[in-house]
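Chemist: Here is my input; please provide its structure:
(2 chains)
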Amino acid sequence: DTTVKQNPRYKLARVGKPVNLICSQTMNHDTMYWYQKKPNQAPKLLLFYYDKILNREADTFEKFQSSRPNNSFCSLYIGSAGLEYSAMYLCASSTPGGREQYFGPGTRLTVL
Amino acid sequence: GQQVKQSSPSLTVQEGGILILNCDYENDMFDYFAWYKKYPDNSPTLLISVRSNVDKREDGRFTVFLNKSGKHFSLHITASQPEDTAVYLCAAGSNTGYQNFYFGKGTSLTVIP
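Modeler: Just a heads-up that it's a prediction; the model follows:
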């Protein structure tokens, strides 16, 4: 199974409320990524886990958290959603020692 | 700033034609370069990639050329077909042990039958 799964596919959230997005893969990939994609913009890398080590991009450091309880699962957590968080959130994983990224279908988050 | 840039937001080519998609990057530590293809409402999938130890990689109708000194790489597509119509995203990253990876905005390609 070479698919990356994301739940939910669509998420509606209120301003100021927390949001938790889930990603899973069963390919034993060592690295899992989260990207934010807004219309007409490049997918923006938010953070990634290499094994158990979390790396967050400097400009989004305080906005997003993540956890990886085991090799297969990775979550993206927003403590207090703002309108600017409305976007597609793409999860991806990559092979051990390799670079090809396998993307999930994305979660479309709308913050009202 | 944006780490990876694609200068052309869109391109149109006649079926059978040759086209070149361009990508520039900022970080000279990047050592892995890739092109992803994305159909509407689908996620990106890897089309072709190259590591920094080579300057060219060919896979059928698709060829990646890498110019490390110019911090530039390109995708050449020959004998273009209508099914090549998609958004093409370039991406680059480095193997620092932590595999950070950055995408361009994408170039929307339309192949006219």
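Chemist: Give me the neighbour count for the spatially closest residue to residue A:4 that is not a sequence neighbour.
Modeler: Distance criterion Cβ to Cβ, 6 or more residues apart in numbering or on different chains; nearest residue to residue A:4, sequence neighbours excluded, is residue A:104 at 3.8 Å. Heads up, the C-betas are built off the backbone N, CA and C, glycines and all. Neighbour count of residue A:104, defined by other Cβ atoms under 10 Å in any protein chain shown: 24.
Chemist: Same check on residue A:67?
Modeler: When counting by other Cβ under 10 Å, one arrives at 12 neighbours for residue A:67.
Chemist: any idea how far chain B is from it?
Modeler: The gap separating residue A:67 from chain B is 17 Å, by Cβ to the nearest Cβ, to the nearest Å.
Chemist: The helix or strand where residue A:12 lies near chain B anywhere?
Modeler: Per DSSP states H and E, residue A:12 falls inside strand A:10-13. No - Strand A:10-13 stays clear of chain B (Cβ under 8 Å from any Cβ of the partner chain), getting no nearer than 12.8 Å.
Chemist: who touches residue 10 in this structure?
Modeler: Reading this off chain A. By Cβ atoms under 8 Å, 6 or more residues apart in numbering or on different chains, the contact list for residue A:10 reads A:107-108, A:110.
Chemist: my question was about chain B
Modeler: Residue B:10 touches B:107-110, counting by Cβ under 8 Å, 6+ apart.
Chemist: Weed out the non-buried ones from the residues you listed.
Modeler: Among the contacts of residue B:10, those buried by neighbour count (16 or more other Cβ atoms under 10 Å in any protein chain shown) are B:107-109.
Chemist: Sitting in strands, which of the residues you listed do you find?
Modeler: Applying DSSP state E to these, the entries found in strands are B:107-109.
Chemist: Up against chain B, what does chain A have?
Modeler: Residues of chain A that fall close to chain B, judged by Cβ under 8 Å from any Cβ: A:31, A:33, A:35, A:40-45, A:48, A:50, A:53, A:55, A:57, A:90, A:94, A:99-101, A:103-106.
Chemist: in what helix or strand does residue B:57 lie?
Modeler: Per DSSP H and E: strand B:56-59 holds residue B:57.
Chemist: Over to the closest residue to chain A within chain B. Which of the three states is it?
Modeler: Of the residues in chain B, the one nearest chain A is residue B:43, at a distance of 3.6 Å by Cβ to the nearest Cβ. Here residue B:43 is recorded as coil under DSSP: H, G, I helix; E, B strand; the rest coil.
Chemist: so it sits right up against residue A:101, yeah?
Modeler: No - Residue B:43 is beyond contact range of residue A:101, at 9.7 Å (criterion: Cβ atoms under 8 Å).
Chemist: Show me which residues of chain B sit near chain A.
Modeler: Counting by Cβ under 8 Å from any Cβ, the residues of chain B near chain A are B:2, B:4, B:9, B:32, B:34, B:36, B:42-46, B:49, B:89, B:91, B:93, B:97-106.
Chemist: could you redo the last one with a cut-off of 10 Å?
Modeler: Residues of chain B that fall close to chain A, judged by Cβ under 10 Å from any Cβ of the partner chain: B:2-6, B:9, B:31-34, B:36, B:38, B:41-46, B:49, B:51, B:89-91, B:93, B:95-106.
Chemist: Just the buried ones among the residues you listed, please.
Modeler: By 16+ other Cβ under 10 Å, these give B:3-6, B:31-34, B:36, B:38, B:43-44, B:46, B:49, B:89-91, B:93, B:98-106 as buried.
Chemist: Next step: the residues you listed restricted to strands.
Modeler: Within those, residues falling in strands by DSSP E are B:4-5, B:32-34, B:36, B:38, B:46, B:49, B:89-91, B:93, B:101-103.
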